[in-house]
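Enquirer: Need a 3D model of the following:
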Amino acid sequence: MAPKTLWVIFLIAFAALVGTDYLAWKASNLSLHLGQVGGLASPVDDYFNSHYDNMFKKERLEKQLATATNEEEYLAVTKDLAKVLGDLGYTVAQSSLLVEIVEKYPNSRDTRVIEANKVLAESYASAGRVADTLQKLECLREIALKPNLNNTLINDVLRIAEKAKAEDFYVQTSELLLKSNIKPDQQLSIMVNLMKFYEKNGKKDKVASTEKSIQELRKKVDVSKILEKEAKSIIASFAAGNFDAGFASTASLIKQFPDQREQLQLIYVAAVIQAARAKNAVALTKGWGFLAKTEYVPSSTKDKATFDAFSKAAMDSARYFLEINDLEGLARIGEMTSNLSDEFAYLIGNFVKGEIWARTGRKGSCPKLLYKIVYRPGQDLELDGNFDESVYKDLQPFPGDFWRSFCGGGVNLPIVKEEQFTLTAYAFYTEKYLYLCVNAFETNMSLIRLAQRSGDNREAWKDDCIEFFLDPHRDLKYLHQWIGSAGSSYAHYQHTGGDESLTRPEGEGLKSAARRFSDHYQVEIRIPLTQLVDSGDVSGMLVNADIRRQRHLSTSMKAGTEFENAAILIVCWSPTGGGFHPARYNFMEFEKH
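Expert: Numbers count the residues shown, from 1 in each chain. Okay, here's the model as predicted:
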């Protein structure tokens, strides 16, 4: 028997089996009873329900459509029929139905007809069918302009016309809008879009005349709302990955509104942040190229919100280039941000230099301070706040000076060296723990704040305390914060994405102890190595780290005042100037063993 005949017999038998199974199941009404005791169903029940039920619906709706006597009834049926055709995967029939709707009621103002016209116009524009696109757009334009202007619809018309490269129609529609009874701010918005259209299509003479008209209109209009709307549209383009179009639109806006340059620069900042998220190195570098030429550079003290936006863009960029190990890209970001201002050079310049040094063989002198944490196997301690164990005798203190910092972020240049309330710090590690030991000098020991209970306490930072920050992978993605207070309370926090979210990881073994004297106090903090990295293997690791003291005096901690829970002084090993600023941290290296 021929193979073809065998396949025919097999398919007929399979269809008979499936049909018999389904009909027998329905005839016995078992689905009702078995469904009550476990939700059983025929093996083919779902298939019949999803496909054949839709086929029956299609036949029924097509009959209703043929007998529909008015527009409302016709459109109600077509809405249901279009959904059924889509569920069945009949896309050609679905498209034919849309064509039938708009041909039957071409100028209908029913939203279903309008949407059908828009879908077809979009489809024709994508296919390059300009004549068919214009036919639909002319209907939509007429609906959008009369009797009252439909802004959403007319914007869709212009967008599709631009997509179809229907230049004459786009200009004609814009001119009709300008002649209609619309407000000056709407006129200005249309003129700005028209000018961008001319620029995109190389119409230099039109650009010049439109630019002149825009300048005249600006005298009558508050441009802030227009710029806000334009900025949102451009940022949406960046989010969708359309960076070139967004950059071109931003450059056009800056050209038209030079007195708004400061705020418009933030669009480039948004582009950089979106490019880093999209992992688009070309767009990211291009965005920084625009920012590097800016005439407006925010200050952390005078314009903190904008400065923070620029800072986030810089940090996101650095994270991305570190992630892909692109040191050339990282160096470009370091150079461009450093050229913006002393504050930005201070914020990220040393970090970039440090990472390039660390990732290229550590040649030459280290560009920032480096403390080597010695390995002392078998010398774990019972913490008591005293530094009298033998392990301390040959430890070297942290090198360099300690600096003043401030709460609330910013950079606060120039950084001031702390002379009076300085720290002396040591560290070593064993097979299981990292030990940090700090002397904090104080002239008013009787006044330091000691309000928190001892032991593991999330509020430990509210007392006079020592804080230890560590970025284990030097990638600015997250950092650890351990706290040991002068009153023997302690805590562990983890900050993700710089400081965007904060958690308190679980884990046993973290301990702290303090001892107070007449002119200083001492804190010992014991940190499980598994809190640094899951494996606990830190041998040879180079990390970014900072040690700081929050100096809290109880006389300044009055409840209900602005000083409640506020540190009156922060003393840091890494000169951050304000906030955490992990890019400013110095190096620590675990001795290799």
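
Enquirer: Spell out the residue ranges of the strands in this protein.
Expert: 370-375, 403-405, 423-429, 433-441, 455-456, 465-471, 478-485, 489-496, 501-503, 511-516, 520-528, 542-551, 569-572, 586-590 (DSSP state E).

Enquirer: For G334, which of these is the nearest?
Expert: Between G334 and the strands of the chain, the shortest gap by CB to CB is with strand 542-551, which sits at 15.2 Å. (Glycine included, C-beta is placed from N, CA and C.)

Enquirer: for this structure, what helix or strand is lowest in average pLDDT?
Expert: Least confident helix or strand of the chain, by mean pLDDT, DSSP states H and E, is helix 30-35 with a mean of 37.

Enquirer: in the stretch 201-350 of the chain, which ranges drop under the pLDDT threshold?
Expert: Along the stretch 201-350 of the chain, segments meeting pLDDT under 70 span 220, 222, 259, 294-296.

Enquirer: Throw the strands of the chain into CSV and include mean pLDDT, thanks.
Expert: As requested, the strands of the chain are exported to CSV (pLDDT from 0 to 100):
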stretch, mean pLDDT
strand 370-375, 96
strand 403-405, 83
strand 423-429, 95
strand 433-441, 94
strand 455-456, 82
strand 465-471, 91
strand 478-485, 84
strand 489-496, 81
strand 501-503, 52
strand 511-516, 91
strand 520-528, 93
strand 542-551, 92
strand 569-572, 85
strand 586-590, 95
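
Enquirer: just how off-centre is stretch 157-174 within its chain?
Expert: 34 Å (CA atoms, centre = their mean, to the nearest Å).

Enquirer: what about that stretch, start to end distance?
Expert: 10 Å (CA to CA, to the nearest Å).

Enquirer: Can you list the neighbours in contact with it?
Expert: Outside stretch 157-174, the residues that touch it by CB atoms under 8 Å, 6 or more residues apart in numbering are 118, 121-122, 124-126, 128, 130, 133-134, 137-138, 140-141, 144, 154, 190, 193-194, 197, 201.

Enquirer: Pull out the buried members of those residues.
Expert: Listed as buried from the contacts of stretch 157-174 are 118, 121-122, 124-125, 133-134, 137, 140-141, 144, 154, 190, 193-194, 197; burial here means 16 or more other CB atoms under 10 Å.

Enquirer: Surely V207 and N201 touch.
Expert: No - checked against CB atoms under 8 Å, the pair V207 and N201 is beyond contact range at 9.6 Å.

Enquirer: buried residues in stretch 467-479?
Expert: Neighbour-count burial for stretch 467-479 [16+ other CB under 10 Å]: 467-472, 474, 476-479.

Enquirer: Quick one: end-to-end length of that stretch, please.
Expert: First residue to last in stretch 467-479 (CA to CA) measures 12 Å.

Enquirer: Just the residues contacting that stretch, thanks.
Expert: Residues contacting stretch 467-479 (CB under 8 Å, 6+ apart): 315, 318-319, 322-323, 351, 355, 358, 436, 461, 480-484, 494-498, 525, 527, 532-533, 541-550, 580, 582-583, 585, 588.

Enquirer: at 6 Å what do you get?
Expert: Residues from elsewhere that reach stretch 467-479 (CB atoms under 6 Å, 6 or more residues apart in numbering): 315, 319, 322, 436, 480-483, 495-496, 532-533, 543-548, 582.

Enquirer: List only buried entries from the residues you listed.
Expert: 315, 319, 322, 436, 480-483, 495, 532, 543-548, 582.

Enquirer: any idea which of the buried ones among the contacts of stretch 157-174 is closest to T67?
Expert: K118 (28.1 Å).

Enquirer: any idea how far the residue nearest to that closest one when sequence neighbours are not counted is from N150?
Expert: Using CB to CB, 6 or more residues apart in numbering and skipping residues adjacent in sequence, the residue nearest K118 is D156, 6.0 Å away. Plainly put, D156 is 9 Å away from N150 if you go by CB to CB, to the nearest Å.

Enquirer: Ok, R112 next?
Expert: R112 is 15 Å from N150, by CB to CB.

Enquirer: and what of T210?
Expert: In terms of CB to CB, T210 sits 24 Å off from N150.

Enquirer: between the two, which one's more packed in?
Expert: Using other CB atoms under 10 Å, the more surrounded residue of T210 and N150 is T210, with 21 against 17.

Enquirer: Apart from its neighbours in sequence, what residue is nearest that one?
Expert: M195 is the one closest to T210 (CB to CB, 6+ apart), at 4.4 Å.

Enquirer: Pull up the gap between the one you found and Y268, please.
Expert: In terms of CB to CB, M195 sits 20 Å off from Y268.

Enquirer: and the two? which has more neighbours close in?
Expert: Y268 (27 against 23).

Enquirer: My guess is the more buried one contacts G289. True?
Expert: No - in this structure, Y268 is not within contact of G289 by CB atoms under 6 Å, at 9.2 Å.

Enquirer: Need the overlap of contacts for those two.
Expert: Counting by CB under 6 Å, 6+ apart, nothing touches both Y268 and G289.

Enquirer: which residues touch A345?
Expert: Contacts of A345 by CB under 6 Å, 6+ apart are S338.

Enquirer: An error on my part: the question was meant for E142.
Expert: Here E142 is in contact with no residue (CB under 6 Å, 6+ apart).

Enquirer: Kindly state the pLDDT recorded for it?
Expert: Turning to E142, the model gives it a pLDDT of 84.

Enquirer: For it, give its distance to L153.
Expert: If you go by CB to CB, the gap between E142 and L153 works out to 10 Å.

Enquirer: Spell out for me which residue occupies the centre of the protein.
Expert: With distances taken as CA atoms, centre = their mean, the residue of the chain nearest its centroid is R277 (6.3 Å).
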